[in-house]
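> heads up, no residue letters with this:
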């Protein structure tokens, strides 16, 4: 819950002004961008994500450093589990079809 | 030796630790509180206390939201969820936390529909996909997570989703710091301010600590070097006889915080007159509740809440540890009856709790030898 996960905005979702797709270590998921409404990120920006919401914009360098920090803290697996979990389990035991298909890496 | 390679720059670490040595007055004992549970975890993980001179003591603060949640709130949330056609959603951190009637996972085993979500937005999504069920999100956290809950509630209202509610346990960090400073048996020289909470609230809310209490505050990042630099900044202030708020974590924390996040919190939440903190007792104006304008989405108004009160066992000395009066291992239950597998007290339930961090890392190889081997 207290993890801050760095991700790159790779897509802004059409018709949903406050939703973007981020990529974290090759995994793509939808995140909420509404908490950055006063300084909306664009495609290519890096953000720190808390509980599925982008909370601050950061530089690419700091995003790399944050990934390293998570690894040093032994939290990288937990962070990736969280990222993979965004939008999953919405239908109970089955994973969410909609989000999964949209968020498959290239 | 394993950890030294992971440091970004061992030379900078060595230099910061020399600077700390130089700045600290040998005749003085410094007590510095790191407020945030994430910092506590990092300090133990990196063995920082072994790098610091003996007269600099780090006191672990109240900033672990899972730890400070009173047990009765878990029982209340689960009592609501036990009724037919309801779904209980919460972050994974909550799942193993015991209430008097068991943890959410144990309730799941008994038939309650309990689901882990990684985001409050997903709890709302579950509600949209299960229109015949009532979905409750068990919200916990400081100002880092409260804006996300707020935005989710705004979204539920905007979309007119009636089968969704929030059981709100959000707390605010500043009143807890005030309660600790007011505690008569507490003596602190300064604070390492929280990193991610400050991303939202900025640095201004700490100014009274410097102004009224005469204690320096430095908001800090989570890298070993960040934490050591923050201690250097605190010692510089203490040596100069100053007390001000400084921001070591400028790359992430804006001085004014995140205005959009503060606005959504103000739209949805108001302060509770008082709220109980596990280990610290009742603290006035220290938690958030949902405003009248969002009453239909407030689980506490929508359902009847048993208001369970569960006292921690008298033998557990969580309050003293939480206030820094006792070290984790000085508690009578530490490591014997109370362990991360079978937590009895608040601070053992989450990896960010100081007892769990101490338990998990106590036997880690000290970095002193590693650093001196490099230097």
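Received it, and whenever you're ready, just let me know what you need. If you're wondering where the values come from, they're calculated on a predicted model, not measured in any experiment.

> which residues touch residue B:137?
Residues in contact with residue B:137 (CB atoms under 8 Å, 6 or more residues apart in numbering or on different chains) are B:89, B:90, B:117, B:120, B:123, B:124, B:149, B:152, B:164, B:165, B:166, B:167. C-beta: built from backbone N, CA, C; applies to glycine.

> identify the residues contacting the one residue in chain B that gets nearest to chain A.
As assessed by CB to the nearest CB, chain A sits closest to residue B:119 within chain B, at 2.6 Å. Applying CB under 8 Å, 6+ apart, we find residue B:119 in contact with A:31, A:32, A:51, A:52, A:53, A:86, B:148.

> re the thing from before, now render the contacts of residue B:137 as TSV, adding secondary structure and neighbour count.
Formatted as TSV, the contacts of residue B:137 follow (DSSP: H, G, I helix; E, B strand; the rest coil; neighbours: other CB atoms under 10 Å in any protein chain shown):
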residue	secondary structure	neighbour count
B:89	strand	28
B:90	strand	27
B:117	coil	26
B:120	helix	30
B:123	helix	28
B:124	helix	25
B:149	helix	29
B:152	helix	29
B:164	strand	29
B:165	strand	28
B:166	strand	28
B:167	strand	26
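
> what separates residue B:167 from residue B:149, distance-wise?
From residue B:167 across to residue B:149, the span is 10 Å (CB to CB, to the nearest Å).

> remind me, longest strand of chain A?
Of all the elements of type strand in chain A, the one with the most residues (DSSP state E) is strand A:5-12.

> what's in contact with that strand?
A:19-24, A:28, A:31, A:33, A:41-50, A:54, A:58, A:60, A:62-64, A:66-67, A:70, A:79, A:82-83.

> in helices, which of these appear?
Judged by DSSP state H, helices contain the following of those: A:60, A:62, A:63, A:64, A:66, A:67, A:70, A:79, A:82, A:83.

> of those, which are in range of chain B?
The residues of the ones in helices among the contacts of strand A:5-12 that also fall near chain B, by CB under 8 Å from any CB of the partner chain, are A:62, A:82, A:83.

> distance of the second one from residue B:16?
To residue B:16, residue A:82 is 31 Å away according to CB to CB.

> likewise for the last one?
As judged by CB to CB, residue A:83 and residue B:16 stand 32 Å apart.

> and these two? Which one has more around it.
Neighbour totals were compared for residue A:83 and residue B:16, and residue A:83 leads with 24 against 21 (other CB atoms under 10 Å in any protein chain shown).

> list of residues touching stretch B:266-273?
With contact meaning CB under 8 Å, 6+ apart, stretch B:266-273 is reached by B:146, B:149-150, B:153-154, B:168, B:170, B:172, B:284-291, B:294.

> 6 Å instead?
Under the contact criterion CB atoms under 6 Å, 6 or more residues apart in numbering or on different chains, stretch B:266-273 has outside partners B:150, B:153, B:285, B:287, B:288, B:289, B:291, B:294.

> kindly report the same for stretch B:165-181.
With contact meaning CB under 6 Å, 6+ apart, stretch B:165-181 is reached by B:62, B:69, B:73, B:77, B:136-142, B:146, B:186, B:197, B:205, B:213, B:280, B:283, B:285-290, B:297, B:299, B:302, B:323.

> I'd like to know which of those residues are buried.
The neighbour-count criterion (16 or more other CB atoms under 10 Å in any protein chain shown) marks B:62, B:69, B:73, B:77, B:136-142, B:146, B:197, B:205, B:213, B:280, B:283, B:286-290, B:297, B:299, B:302, B:323 among these as buried.

> part of a helix, is residue B:35?
No - counting by DSSP: H, G, I helix; E, B strand; the rest coil, residue B:35 is not part of a helix but strand.

> show me what contacts it?
Contacts for residue B:35 were tallied using CB under 6 Å, 6+ apart; they are B:61, B:63, B:191, B:194.

> residue B:347 and residue B:354 touch, don't they?
Yes - assessed by CB atoms under 6 Å, residue B:347 is found in contact with residue B:354 at 5.2 Å.

> what about the two, which has more around it?
Remark: of residue B:347 and residue B:354, residue B:347 carries more neighbours, 34 against 29, as counted by other CB under 10 Å.

> now that one, what are its backbone angles?
With angles defined as degrees, to the nearest 10, residue B:347 sits at phi -80, psi 0.

> with residue B:330 instead?
phi -80, psi -10.

> how near is it to residue B:358?
Per CB to CB, residue B:330 is found 10 Å from residue B:358.

> what does chain B have sitting close to chain A?
Selection of chain B residues close to chain A by CB under 6 Å from any CB of the partner chain yields B:6, B:38, B:45, B:91, B:93, B:118-119, B:121-122, B:125-126, B:129, B:144-145, B:147-148, B:151, B:196, B:199, B:222-223, B:251-252, B:259-261.

> I'd like to know which of these are buried.
Taking 16+ other CB under 10 Å as the criterion, what is buried in those is B:38, B:45, B:91, B:93, B:118-119, B:121-122, B:125-126, B:144-145, B:147-148, B:151, B:196, B:199, B:222-223, B:252, B:260-261.

> redo the contacts of stretch B:266-273 as JSON lines? Include distance to residue B:110, secondary structure and pLDDT.
Output for the contacts of stretch B:266-273, formatted as JSON lines (distance: CB to CB, whole Å; DSSP: H, G, I helix; E, B strand; the rest coil; pLDDT from 0 to 100):
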{"residue": "B:150", "distance to residue B:110": "32", "secondary structure": "helix", "pLDDT": "98"}
{"residue": "B:153", "distance to residue B:110": "29", "secondary structure": "helix", "pLDDT": "98"}
{"residue": "B:285", "distance to residue B:110": "37", "secondary structure": "coil", "pLDDT": "96"}
{"residue": "B:287", "distance to residue B:110": "29", "secondary structure": "strand", "pLDDT": "98"}
{"residue": "B:288", "distance to residue B:110": "30", "secondary structure": "strand", "pLDDT": "98"}
{"residue": "B:289", "distance to residue B:110": "29", "secondary structure": "strand", "pLDDT": "98"}
{"residue": "B:291", "distance to residue B:110": "34", "secondary structure": "coil", "pLDDT": "98"}
{"residue": "B:294", "distance to residue B:110": "31", "secondary structure": "helix", "pLDDT": "98"}
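
> pick out the most distant pair among those residues.
Greatest spacing in the contacts of stretch B:266-273, by CB to CB: B:153 and B:285 (20.7 Å).
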